[in-house]
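Peer 1: Sequence first, predicted model second:
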Amino acid sequence: MKVAVMVTCINDSLFPDTGKSVFRLLRRLGVDADFPAAQTCCAQPMVNTGYLDEAVPVVRTFVDAFAGYDAIVTPSGSCAGSVRHQHSIVARRAGEERLASAAPRVYELSEFLVDVLGVTDVNAYFPHRATYHPTCHSLRMLGVGDKPLRLLREVRGLDLVELPAAAECCGFGGTFAVKNAETSTAMGADKARHVRGTGAEVLVAGDSSCLLHIGGLLSRERSGVRVMHLADVLASTEEEA
Amino acid sequence: MPAFPEAARKALADTQLRRNLAHATGTIRAKREAVVGEVAEWEELRLAGAAIKDNTLRRLDEHLLTLEASLQARGATVHWARDAAEACEIVARIAHGHGIDEVVKVKSMATQEIGLNEALAAHGVTAWETDLAELIVQLGDDLPSHILVPAIHRNRAEIREVFRRGMADAGRPAPPGLSDEPAELAAAARLHLREKFLRARMAVSGANFAVAESGTLVVVESEGNGRMCLTLPEVLVSVVGIEKVVPTFADLDVFLQLLPRSSTGERMNPYTSTWSGVTPGDGPQEMHVVLLDNGRTRALADEVGRQALRCIRCSACLNVCPVYERTGGHAYGSVYPGPIGAILNPLLKGVGVDEQTDSLPYASTLCGACFEACPVRIDIPEVLVHLRAKVVDAHREGVPKPEAVAMKSAAWLLSDARRLGLAERGLGVANRALTRFGRRVLPGGRRALGRLPWPGSLWTNARDLPAPPRESFRAWWRKGGRP
Ligand code: SF4
């Protein structure tokens, strides 16, 4: 099986370590994944803001970059959801059926680990108290269910505490965060409050964009809570700790 | 009406309102979840509800003609109204025809949508709301902010004040020494309303459903005030949106299960009233049905958006919406607030016409909680994205907005990996410049940027931003970096 990693534009440019974690993790599990260098973005920012014409060339770049791979793994529920549910909209707009062709091959990281590789214990070690926020698109658009939690429960040393109102949106929502900045931060403040209430040192989630938002609030509040991507936690091992 | 972000600002700053809303939606959310959880075949019911509505909408014209014929056969008069003005005109004409200057009303979204109370007032006819929450809104000279609980934004103490100040002007005054105990408030409302029920000669209602085959209108309610209006007066006028039609009585079965559980979190609602035409010597002796379009055929013509016409106005989507919970209903500038309002208003009114309507499809994070809760499976996030595209397309001519410029340049950047790589190199340079100023450090050791000038301030007013890394993932990979 030829596996490609879609690092996502936000990880590529802002959180490169998360991209590295995905490769480290996959390698440890015996998957020799590739980074198709022609990749950029899933086009979700354009589609979700209503710019469908603008999304067309971005999706075209995506489809070309990942042509020839059997599986596309991504550390983002949101981007996986976009490929699965939105590329068909762009394809219809462009009258180019090919633009929807990546959808059946895309997997969010926890889906790939649990459903394709069939593992829940990835041999990770992370001796911290952490809580998990299931991002909306993982939870409702993809329906990853408890897969991320099953993976986290196997991490040695990890003290996983439950997050109250976990299923509630953090308020990021892409351009919503700036178009409706006040509402966005009001929602995020409640999420941050719940996180602080757990006494966790680390907030874990499967989407860097949501973590950017919640982490930005936690930092502004000087809460001392750190945010980390699921991939970063799963990639951690005893040697590094 | 200002666009959503500005309108929301007021509510966001009102801590009392935020507390009222969080409490009320939280309570009803938990109730709904519990009773929905009791029904093992809930998903099948949702699918059935959606299918009945879709099939009916597909042949709406035929079903409406059947409805008209069966209503007429039972002695009702059927009127067709293209828009709000026509509908209001019809109701006013009926009132005038009988020399009536006062009507009682069953809570109805359709009559609120067309602004019937104000229109009747202009014709010298006073309309009294008889639903408790609706009464609170009317007496308080307020606007409804929720489909099911129009006064959800008010707490007990506020309601007591509204009653004490407003009841005397509208009829029987509030009893002296009225407290804010729910039972006392309800008793005061009961006395106040009873006087109106017995006096009024004409009532105006809406309908939750209209059964085509039998010519039956259906109202589902909790308080029984609707039943008083439907049975006591001489003349009954029902204003019904054309999407309310269901083909047969058997179809009701599905909706009478879906609606109360989704709406009030009850297994069954206390009152379900059905009425068909006129029965000599029993109930209203003259019945009128106004079938209302007011943008519904426009919505029906939208191939993605038409699913919004399945809506049974249960308000479940409002109660689970995190945006609604913070902003309240008034920010949506319509009698249809929350997620359904964010799609229904643009569908009924059309996009590209005013800024307020165009702002509604963006009043969501697309978190999907509304779709999950909707008893008739309206994919609200899908319709929101679809309408956003329509809003953008409606503004493609003329001078592009800053947002359009930003999106176009982002798309240009993101259609080519080399361009993106170059931009990321720019970020690396910015890192060196910025981290010298960035004094904040994120937990974990990474530097953060504090407050940036506009438009960065839209992010950094309340949130820190990690400083860009020295090297992007792609640059690291290109150099041969391997984990
Ligand atoms: S859209 Fe669905 S959840 Fe919202 S009010 Fe209508 S039927 Fe209820």
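Peer 2: All right, it came through fine.
Peer 1: Confirm for me that residue B:112 is in contact with residue B:145.
Peer 2: No - counting by CB atoms under 8 Å, residue B:112 does not reach residue B:145; the two are 11.7 Å apart. (Each C-beta comes from the backbone N, C-alpha and C, glycine too.)
Peer 1: Compare these two (neighbour count), which wins?
Peer 2: residue B:145 (28 against 23; other CB atoms under 10 Å in any protein chain shown).
Peer 1: Can stretch A:17-32 be said to contact chain B?
Peer 2: Yes - counting by CB under 8 Å from any CB of the partner chain, chain B is contacted by stretch A:17-32 at A:17, A:19-21, A:23-24, A:27.
Peer 1: residues making contact with that stretch?
Peer 2: A:3, A:5, A:7, A:11-12, A:33, A:35, A:73, A:75, A:109, A:113, A:117, A:119, A:122-123, A:208, A:229, A:231-232, A:234-235, A:237, B:469, B:473, B:476, B:481-483 (CB atoms under 8 Å, 6 or more residues apart in numbering or on different chains).
Peer 1: Same question for stretch B:35-47.
Peer 2: B:254, B:257-258, B:261-262, B:265-267, B:374-377.
Peer 1: what do you get if the cut-off is 6 Å, keeping everything else the same?
Peer 2: B:257-258, B:261, B:265, B:267, B:375, B:377 (CB atoms under 6 Å, 6 or more residues apart in numbering or on different chains).
Peer 1: Buried by neighbour count, from the residues you listed: which ones?
Peer 2: B:257-258, B:261, B:265, B:375, B:377 (16 or more other CB atoms under 10 Å in any protein chain shown).
Peer 1: Chain A: which of the residues you listed is nearest?
Peer 2: residue B:377 (13.1 Å; CB to the nearest CB).
Peer 1: Could you find the closest non-adjacent residue to that closest one?
Peer 2: residue B:50 (4.4 Å; CB to CB, 6 or more residues apart in numbering or on different chains).
Peer 1: residues near that neighbour, how many?
Peer 2: 20.
Peer 1: Repeat that for residue B:13.
Peer 2: 11.
Peer 1: so where's chain A uncertain?
Peer 2: A:240-241 (pLDDT under 70).
Peer 1: rewinding a little: Throw together a PyMOL command that grabs the buried residues out of the residues of stretch A:17-32 next to chain B.
Peer 2: This is the PyMOL syntax for the buried subset of the residues of stretch A:17-32 next to chain B, where burial follows 16+ other CB under 10 Å:
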select buried, chain A and resi 17+19+20+21+23+24
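Peer 1: With secondary structure as added columns, please give the residues of stretch A:17-32 next to chain B in CSV.
Peer 2: Formatted as CSV, the residues of stretch A:17-32 next to chain B follow (DSSP: H, G, I helix; E, B strand; the rest coil):
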residue, secondary structure
A:17, helix
A:19, helix
A:20, helix
A:21, helix
A:23, helix
A:24, helix
A:27, helix
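Peer 1: Strands along chain A, start to end?
Peer 2: Secondary structure of chain A (DSSP state E): strands at A:3-5, A:71-74, A:106-108, A:129-133, A:159-161, A:202-205, A:226-229.
Peer 1: Is it correct that residue A:163 is in contact with residue A:131?
Peer 2: Yes - with contacts counted by CB atoms under 6 Å, residue A:163 reaches residue A:131, the gap being 4.4 Å.
Peer 1: So for these two, which sits in the more crowded spot?
Peer 2: A direct count of neighbours by other CB under 10 Å for residue A:163 and residue A:131 places residue A:131 higher, at 25 against 22.
Peer 1: Quick one: residues contacting the more buried one.
Peer 2: Residue A:131 touches A:161, A:163, A:198, A:200, A:203, counting by CB under 6 Å, 6+ apart.
Peer 1: Who does the last one form a beta bridge with?
Peer 2: With DSSP bridges as the criterion, residue A:203 is bridged to residue A:131, residue A:227.
Peer 1: any idea how far residue B:444 is from it?
Peer 2: 11 Å (CB to CB, to the nearest Å).
Peer 1: Also the fourth one?
Peer 2: With distances defined as CB to CB, the gap from residue A:200 to residue B:444 amounts to 14 Å.
Peer 1: Show me which of the two is the more surrounded one.
Peer 2: Applying other CB under 10 Å to residue A:200 and residue B:444 shows that residue A:200 carries more neighbours, namely 21 against 14.
Peer 1: Please tell me how far the residue nearest to that one when sequence neighbours are not counted sits from residue A:209.
Peer 2: Closest residue to residue A:200 apart from its sequence neighbours, by CB to CB, 6+ apart: residue A:131 at 4.1 Å. Counting by CB to CB, the separation of residue A:131 from residue A:209 is 18 Å.
Peer 1: What of residue B:253?
Peer 2: With CB to CB as the criterion, residue B:253 and residue A:209 are 44 Å apart.
Peer 1: didn't residue A:114 look like it was pressed against residue A:147?
Peer 2: Yes - counting by CB under 6 Å, residue A:114 does reach residue A:147; the two are 4.5 Å apart.
Peer 1: can you list the residues of the stretch 301-450 of chain B near chain A?
Peer 2: B:322-323, B:326-327, B:362, B:365, B:367-368, B:372, B:388-389, B:391-392, B:407-408, B:411, B:414-415, B:417, B:420, B:424, B:427, B:442-444, B:448 (CB under 6 Å from any CB of the partner chain).
Peer 1: Point out the ones among the residues you listed that are inside strands.
Peer 2: Using DSSP E, these in strands are residue B:448.
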